[in-house]
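Chemist: Give me the fold of what follows.
(2 chains)
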Amino acid sequence: MSHISAVTGHYVSLDVDGTEYKVFYLENGSGQPLVCQHTAGCHNHQYRGLLEDEEITQNYRVIAYDLPRHGKSDPPENEQWWKEEYKLTADHFTKFIVAFCDALELENPIFMGSSFGGNVALQLAWRYPDRFAGVIPVEGADYSPGFYLDWWQHPHANAAQVCASGVWDLMAPQSPDQDRWKTWFYYTQGSESFKGDLYFYSVDHDLRDELGEIDGARCPVVMLTGEYDYLTTPEDGQRTASQIKNAEFIEMKKIGHFPMSENHEVFRGYLLQALEKLNSRAGRGLT
Amino acid sequence: MSVTTNAQSATDWSNAFAEASNSDPEIQAHGKYFTCSYLLDMTEHTFVVRMVSGKVAEIAVDPGPLDMGYQFIVRASAETWREFGTETPAPMYHGIWAATFQRDMQLEGDVLVLMQNLRTFTRQIELLRTVGVPV
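Modeler: Model (predicted):
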């Protein structure tokens, strides 16, 4: 039986420090904006479950964008980007997210991201605490070295399969095959952006000396980490949250590094807990 | 296929592993170029697996030092392999990347060959969840 989803797609043009981007995003729902960042080398289909989650979209305007160079968001419109090696920096990444929220005129958005999106959520809480109503760093940490590898683009190996099967173990064996394989399939599509994203994830992102400057009362922080994540482990998440004033940490059982994509049904329970915590901080309960 | 016990002999295990691999739909669908040899070092036993076009051509059980050539090695303690050989492995024992980053597993030798065959090799190692391990 055919069915047309309530999820809609749009493009928005914006400028980040003179770099012009045409950004694709999916959205559904109404209420407080919940802005979602996919993981490195991937795209917004990782949030396919959340975008159609009726309970959450009743209360939140879920917006999942493709970062430039991912999915349907092209590389810079006004630069000869092919003449440079792509290396994402914390400075540019955070400025892009703020420019995106400004372009959509979002008020009091909650930002959620996974993996490098979790790390950038911490960067946003540190750099732009007044622009966001709160952040949900998923599978994030103060520092996550070790994944900026040449293997992702080695010319003697099949980059699509190395990227996709290289992140396979980041998912929990309990997650449904259909969803794990969709995630694998997404990862066959992004090897050219994956490594440059990981420059941010494993090299440029380092908040070990800045966590004490993040104020969870000013910008509430609720961290979520899956127990099968071997890159940013629950111990990493716990350690990071413990050094941020008023931050909270929730360990997610039977799930891994791509929770929204590998098992939305398990993830949504933890996400609802996180949203409830953010709302109680803001002095308003879920409607 | 049920999870076997540690009591199985290394030879029995090698036969079961070969059968599972050669009848696995995913490896057979995508293994056309899965041709390489690798050493599994389980501390108490070692195996050299020789793959040709997605089929197990040979498994040498506890080979002598120069009996067989191989291109890469996956080495870990018997305890780590035992954790791999369960139906639902505990966190950090659920794959070679996880156990290499967080436990005592080591990937050695010509790792490029491993990367060239990563998809099918990843599936093959997951067969330990049903075949078990002989250590």
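Chemist: Pass me the low-pLDDT residue ranges in the chain, would you?
Modeler: Going with chain A. Counting by pLDDT under 70, the ranges of chain A that qualify are A:283-287.
Chemist: sorry, should have said chain B
Modeler: Applying pLDDT under 70 to chain B picks out residues B:1-7.
Chemist: Look up how far A:Arg239 lies from A:Glu248.
Modeler: Plainly put, A:Glu248 is 14 Å away from A:Arg239 if you go by CB to CB, to the nearest Å. In this view, the C-beta of every residue, glycine as well, is placed from N, C-alpha and C.
Chemist: go on, A:Glu55?
Modeler: 32 Å.
Chemist: now swap in A:Ser13 and tell me
Modeler: From A:Ser13 to A:Arg239 the distance is 40 Å (CB to CB).
Chemist: Quick one: the strands in the chain, in order.
Modeler: No chain was given, so I picked chain A. A:8-16, A:19-28, A:32-37, A:60-65, A:110-114, A:134-138, A:222-226, A:248-252 (DSSP state E).
Chemist: that answer is for a different chain, and I need it for chain B
Modeler: B:36-41, B:46-52, B:55-61, B:72-75, B:106-109.
Chemist: A:Val120 is nearest to which of these?
Modeler: strand B:106-109 (29.7 Å; CB to CB).
Chemist: Indicate each strand paired with that closest one and its parallel or antiparallel sense.
Modeler: strand B:72-75 (antiparallel) (DSSP bridges).
Chemist: Can you give the contact residues for the partner strand?
Modeler: With CB atoms under 8 Å, 6 or more residues apart in numbering or on different chains as the test, strand B:72-75 has contacts from B:36, B:38-41, B:96, B:105-111, B:113-114, B:125.
Chemist: repeat for stretch A:77-95
Modeler: Counting by CB under 8 Å, 6+ apart, A:13, A:16-22, A:67, A:69, A:75, A:116, A:120, A:123-124, A:127-128, A:192-193, A:195-197, A:199-200, A:204-205 sit against stretch A:77-95.
Chemist: For stretch B:65-77, C-alpha coordinates in PDB please.
Modeler: Output of stretch B:65-77 as PDB, limited to C-alpha atoms (Å, rounded to 0.1, in the frame of the first residue of the first chain):
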ATOM      1  CA  PRO B  65      56.900 -22.000  11.700                       C
ATOM      2  CA  LEU B  66      57.500 -22.000   7.900                       C
ATOM      3  CA  ASP B  67      54.800 -24.500   6.800                       C
ATOM      4  CA  MET B  68      52.500 -21.900   5.300                       C
ATOM      5  CA  GLY B  69      52.800 -18.400   4.000                       C
ATOM      6  CA  TYR B  70      50.100 -15.800   4.900                       C
ATOM      7  CA  GLN B  71      49.600 -12.100   4.400                       C
ATOM      8  CA  PHE B  72      48.100 -10.800   7.600                       C
ATOM      9  CA  ILE B  73      47.600 -11.900  11.200                       C
ATOM     10  CA  VAL B  74      44.800 -11.500  13.600                       C
ATOM     11  CA  ARG B  75      46.200 -12.200  17.100                       C
ATOM     12  CA  ALA B  76      44.500 -12.200  20.500                       C
ATOM     13  CA  SER B  77      44.400 -14.100  23.800                       C
END
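Chemist: Can you mark which positions in that stretch are buried?
Modeler: B:68, B:70-77 (16 or more other CB atoms under 10 Å in any protein chain shown).
Chemist: And stretch A:162-180, by the same measure?
Modeler: Using 16+ other CB under 10 Å as the test for burial, stretch A:162-180 gives A:162-175, A:179-180.
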